[in-house]
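Student: Sequence and predicted structure below; questions after.
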Amino acid sequence: MLDTNDGQLAGRLPARTITGPQKLLFAASTGIIVTNLFAPQTLVGLIGPSLGAGTASVGLVAMATLLGYAAGLFFLVPMADLGENRTLILRMLGAAALAAGIAALAPTIASLLIVLFVLGAACSAIQILVPIAASMAPPGEAGRVIGDVMSGLMIGILLARPLASLVADAWGWRAFYGLSAAALTLLAIVLAFTLPRRRPEVKSSYGALIASLFHLLRQEPVLRRRALTAALVMAAFSLFWTAVALRLAQPPFGLGQRGIALFALVGAGGAVVTPLFGRAGDRGWTRAATIFCHLVLIGALVLAAWAGSFQSGVSWTPLALMGVSAVLLDIGVTGDQTLGRRAINLLRPEARGRLNGLFVGIFFIGGAIGSLLAGIGWTLGGWPCLCAIGAAFGLAALLADWTGGPE
């Protein structure tokens, strides 16, 4: 059995502190890759009818990449503690580019779901890039560096929806995946020449690494708690953004694909606070800041339910309220993810790849569940039902905050 305390897996990066351009490269890379995970949330209204899928099953489209991403985090990202990281990242980006290209040509909903699962798994390369950046941070500034890189990740998450909507409005949903394939190919070329090498000093096997995941989860209470709250808020996040396009197409909003894209841009404003939460963690405010994030998330969903209760009229009030709720929701989720990622990256430097794989894999399972529930909840109770489910996820996260110990 792998001993995760012996330091055998401690990887070495070049002996230099991360520079501003390098942080920008890491942030931009994660932002480009992650767009593939969240674009389906705004494309479900187009993909479903074009491939003959019903409303209740559109959540499967948004779920496929998230579930694939979680699988990649559990079974691919741990290899970052086993072999040279740059090579692994480039191979995964190559697979992602190929999968995106195939998605653009998928003839049926079944084939699309399969290829989106593969695309999501390959996109887990993000969680190899983030630990590399954290390893290069100066002492005492891990939260700052992670927050800066996470800002790129969150901007990518939040811009994925408007970008996909605009591309789909102009050329159809298949064009988005064609452009994504080209972007991933270009990114792989850039990283091949700029990404530093990281080769862990390992004396174990892949099987032992995978087996060690359970032991890491059992031995680290901070990891368990942070992964749980992250999964809960990610479920609320995916639930909202998968279903809000359906609600915005109805009265009194009546937005088309372009209008929905502009609305999604509003939510991207929540990403600007990402570095602030990283700095809050560095100052020892992790617990208070996390509770704040979850309260904000609950308030956002209550506000969204109110905004969605308007049924007629030409007032901009309901749209403005829905926009504010989107910003607040994204702030709550962004803060939780940043604080959680900082906490788990400080646990065991020799196991960063596996810790990130576990943490993000668990919270993306939450995201996949949220996407699945969006289609089901919409069919059963519409927008009020969805907001209630999302608020319940937030309350559960808040309960975990109050019952958890110090970090």
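Tutor: Received it, and whenever you're ready, just let me know what you need.

Student: so what's T35 up against?
Tutor: Taking CB atoms under 8 Å, 6 or more residues apart in numbering, we find T35 in contact with 156-157, 159-160, 163-164, 180. Bear in mind the C-beta positions are built from the backbone N, C-alpha and C, glycine included.

Student: what's the lowest-pLDDT member of these?
Tutor: Within the contacts of T35, pLDDT reaches its minimum at I157, with 76.

Student: Could you identify the helix or strand that succeeds the helix or strand harbouring it?
Tutor: Counting by DSSP states H and E, the element that carries I157 is helix 142-171. Remark: after helix 142-171, the chain's next helix or strand is helix 173-194, criterion DSSP H and E.

Student: List the buried residues in that next one.
Tutor: 173-174, 176-181, 183-185, 187-188, 191 (16 or more other CB atoms under 10 Å).

Student: and what of stretch 349-362?
Tutor: By neighbour count with 16+ other CB under 10 Å, stretch 349-362 contains the buried residues 350-362.

Student: Would you mind putting those residues into CSV with secondary structure, distance to A400 and pLDDT alongside?
Tutor: Putting those into CSV (DSSP: H, G, I helix; E, B strand; the rest coil; distance: CB to CB, whole Å; pLDDT from 0 to 100) gives the following:
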residue, secondary structure, distance to A400, pLDDT
E350, helix, 27, 71
A351, helix, 23, 76
R352, helix, 24, 73
G353, helix, 25, 69
R354, helix, 22, 78
L355, helix, 19, 83
N356, helix, 20, 75
G357, helix, 21, 76
L358, helix, 17, 85
F359, helix, 14, 87
V360, helix, 17, 79
G361, helix, 18, 83
I362, helix, 13, 89
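
Student: between those, which is closest to L90?
Tutor: G353 (16.0 Å; CB to CB).

Student: returning to that earlier point: quick one: the contacts of T35 as TSV, columns for distance to L24 too.
Tutor: Formatted as TSV, the contacts of T35 follow (distance: CB to CB, whole Å):
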residue	distance to L24
G156	13
I157	18
L159	16
A160	19
L163	19
A164	24
S180	21
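
Student: Out of the residues you listed, the closest to G382 would be?
Tutor: With CB to CB as the yardstick, the closest approach to G382 among those comes from A164, at 24.0 Å.

Student: can you count the residues close to that closest one?
Tutor: 29 (other CB atoms under 10 Å).

Student: Equivalent analysis for A326, please.
Tutor: 26.

Student: For it, give its distance to G254.
Tutor: Applying CB to CB, to the nearest Å, the value for A326 to G254 is 18 Å.

Student: ok, now T194?
Tutor: Counting by CB to CB, the gap from T194 to G254 is 46 Å.

Student: same check, this time on L239
Tutor: Applying CB to CB to L239 and G254 gives a distance of 22 Å.

Student: So those two - more neighbours on which side?
Tutor: L239 (29 against 11).

Student: Can you tell me the element that one falls in?
Tutor: helix 221-248.

Student: which other helices and strands contact that helix?
Tutor: Judged by 3 or more CB pairs under 8 Å, 6 or more residues apart in numbering; DSSP states H and E, helix 221-248 is in contact with helix 20-50, helix 58-75, helix 206-219, helix 257-267, helix 286-308, helix 317-345, helix 352-403.

Student: tilt between the longest one and helix 286-308?
Tutor: To tie it back to what came earlier, the one meant is helix 352-403. Computed with axes from the mean of the first three to the mean of the last three CA atoms, to 10 degrees, the direction of helix 352-403 lies at 80 degrees from that of helix 286-308.

Student: Which pLDDT value goes with R348?
Tutor: 80.

Student: what about dumping the CA coordinates of stretch 169-183 to CSV?
Tutor: Only the C-alpha atoms of stretch 169-183 are listed here, as CSV (Å, rounded to 0.1, in the frame of the first residue of the first chain):
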residue,chain,number,x,y,z
ASP,A,169,-26.5,32.0,-32.4
ALA,A,170,-24.2,32.8,-35.3
TRP,A,171,-23.2,29.4,-36.7
GLY,A,172,-25.0,26.7,-34.6
TRP,A,173,-24.0,24.7,-31.6
ARG,A,174,-21.6,22.4,-33.6
ALA,A,175,-19.4,25.4,-34.4
PHE,A,176,-18.6,25.9,-30.8
TYR,A,177,-17.0,22.5,-30.6
GLY,A,178,-15.1,23.0,-33.8
LEU,A,179,-13.7,26.3,-32.5
SER,A,180,-12.9,24.6,-29.2
ALA,A,181,-10.9,21.9,-30.9
ALA,A,182,-8.8,24.6,-32.7
ALA,A,183,-8.2,26.5,-29.4
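
Student: what ranges of the stretch 51-200 of the chain fall below the confidence cut-off?
Tutor: The model of the stretch 51-200 of the chain has pLDDT under 70 over residues 53-58, 140, 142-143.

Student: now swap in the stretch 301-407 of the chain and tell me
Tutor: 312-315, 353, 404-407.

Student: correct me, but A164 touches R174?
Tutor: No: counting by CB atoms under 8 Å, R174 is not a contact partner of A164; they are 11.3 Å apart.

Student: returning to what we had before: can you pick the most crowded of the contacts of T35?
Tutor: Of the contacts of T35, with other CB under 10 Å as the count, A164 tops at 29 neighbours.

Student: What sits closest to it if chain neighbours are left out?
Tutor: Spatial nearest neighbour of A164, chain neighbours left out: A39 (3.7 Å); criterion: CB to CB, 6 or more residues apart in numbering.

Student: Ok, R197 next?
Tutor: Per CB to CB, 6+ apart, closest to R197 is R86, 5.2 Å.
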